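Student: My questions concern the predicted model and sequence given below.
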Amino acid sequence: MQAFRRELTEGLAASPKSISPKWLYDAKGSELFEDITRLPEYYPTRQERALLRRVAPTWAKGVGPDATLVELGSGASEKTRIVLDALPALAAYIPLDISQSALEEAAASIRADYPKLDVRPVLGDFSALPSLPDDLPSGRRVGFFPGSTLGNLERDEAVRLLASSRRMLGEDALFILGVDLIKDRETLEAAYDDAQGVTARFNLNLLERANRELGTDFDLTAFRHRAVWNEACSRIEMHLEAVRDTQVTLDGMTYDFAGGETLHTESSRKFSRDQIEQLASASGWSVRDWAQSDAPSVALAVLAPA
C-alpha cells in the first residue's frame with residue numbers, strides 16, 4: 001500500500017503525469033484483464049496461445065528432467081497449462097505475481113490439476129526478482145514470461161529484468177519470452193480500446209482503487225479511457241484523460257488536471273525480431289529459437305545464456 005501511495009504521489013506531481021501499469025492489477029483489475037483477453041479485438045492472448053500449442057511440444061524436448069518452471073507475472077496461469085502439458089516430467093512450478101488473490105487462485109487451480117507438481121507461489125513484483133529457493137530440483141530452470149508484458153517496460157527496464165532473470169535462473173537456463181509485433185495502427189488501437197468498453201473499465205479501475213485504498217477523491221466522471229499508437233516509440237499508450245478541469249486530493253495535497261490532460265497508465269511496446277535480439281544481447285542472453293503466429297502476428301522466443 002505504501003508503495004502505491006508513494007508512486008501515485010510522485011506520478012501526480014510529475015509532468016506529464018504517469019504511474020506504473022502494475023497498479024492496474026488489483027483483484028478487480030486482474031479479473032477485468034482476464035475479460036479483456038477473451039474479447040474479439042484483443043488478439044495477443046488468442047494468437048499466443050495458438051502459437052504456444054504449436055511450438056511447446058518441440059521446445060519441451062530440450063528442457064530435460066527435474067526442471068523448474070518459473071513464470072513471471074503469472075496472473076491466471078492459463079497459458080502455463082499448455083507448457084505443463086508439454087512437460088509431464090517437470091518437477092516444480094514457481095508462479096510469481098503482484099496480485100495475491102490472482103496468485104492464490106492460480107496456484108490452487110494448478111495444484112488441483114497437477115497433483116504431482118511442486119507448486120510454490122511467490123508474491124512479488126517481477127521488476128525486483130527474488131532469489132529462488134535453495135531446495136529446488138536439480139534440473140534446468142526455465143523462465144516463462146508470456147503476454148508481451150516486456151512491452152510495458154522502458155528499454156533500460158527491460159534489459160534490467162532480462163539480466164536479473166539470467167542471474168536468477170542460472171547458467172543452464174532457458175527463457176521463453178512472448179512479445180507482440182509491430183503492425184497497423186487500426187488493429188493495435190482496437191485491441192486496447194474495445195467496443196464493449198472493458199478496457200476502459202480496466203483503466204478507470206485504477207482511480208477506483210486509489211479512492212478505495214488511498215483515500216483519494218478522483219471524480220470518475222471527469223476521466224475517460226484513451227488508447228493511442230505512438231509510432232515514434234513503437235508503442236500503444238493507455239491514458240486516463242480529463243474531460244474537463246478537475247482536481248484530486250491525496251494526503252492533503254491537491255493536484256490539478258486541465259481538460260485534456262492525462263495520467264499515462266500503461267505503454268505496450270511492439271517489437272521486431274531485431275529489437276528482441278538486441279535486448280537479449282544487452283542482457284546476457286541469445287535467441288536460440290523464434291516462432292511467429294499467423295496475422296495479427298505475435299512471437300515467442302527461446303533465450304539461452306550467451
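Tutor: Sure thing, it's come through. Residues are numbered from 1 along each chain as shown.
Student: Only C-alpha atoms from now on, for both contacts and neighbour counts.
Tutor: Fine.
Student: Not counting sequence-adjacent ones, nearest residue to Trp229?
Tutor: Distance criterion CA to CA, 6 or more residues apart in numbering; nearest residue to Trp229, sequence neighbours excluded, is Ile236 at 4.5 Å.
Student: Roughly how far does that neighbour sit from Ala191?
Tutor: As defined by CA to CA, to the nearest Å, Ile236 lies at a distance of 10 Å from Ala191.
Student: Same check on Ser234?
Tutor: Following CA to CA, the distance that separates Ser234 from Ala191 is 15 Å.
Student: Neighbour count: the two, which is higher?
Tutor: Ala191 (21 against 18; other CA atoms under 10 Å).
Student: Quick check, the more buried one in contact with Arg38.
Tutor: No: assessed by CA atoms under 8 Å, Ala191 is found out of contact with Arg38, at 11.0 Å.
Student: helices or strands up against the worst-scoring helix or strand of the chain on mean pLDDT?
Tutor: The weakest-scoring helix or strand in the chain, judged by mean pLDDT, DSSP states H and E, is strand 122-123 (a mean of 84). Contacts defined by 3 or more CA pairs under 8 Å, 6 or more residues apart in numbering; DSSP states H and E place strand 122-123 against strand 92-97, helix 100-113.
Student: And the strands in this structure, which stretches?
Tutor: Taking DSSP state E to define them, one finds strands in the chain at 17-18, 68-72, 92-97, 118-119, 122-123, 141-145, 174-180, 223-230, 235-242, 246-250, 253-257, 262-269, 285-292, 298-305.
Student: Below-threshold pLDDT in the stretch 101-250 of the chain: ranges please.
Tutor: Regions of the stretch 101-250 of the chain meeting the criterion pLDDT under 70 are absent.
Student: show me the contacts for the residue nearest to the spatial centre of the chain.
Tutor: The C-alpha lying nearest the average C-alpha coordinate of the chain belongs to Thr149 (CA atoms, centre = their mean; 3.2 Å). Shown in contact with Thr149 (CA atoms under 8 Å, 6 or more residues apart in numbering): 178-179, 268.
Student: And Thr187, by the same measure?
Tutor: Contacts of Thr187 (CA under 8 Å, 6+ apart): Glu41.
Student: Distance check, it against Tyr42.
Tutor: Thr187 is 9 Å from Tyr42, by CA to CA.
Student: try Thr254
Tutor: Taken as CA to CA, the span from Thr254 to Tyr42 is 36 Å.
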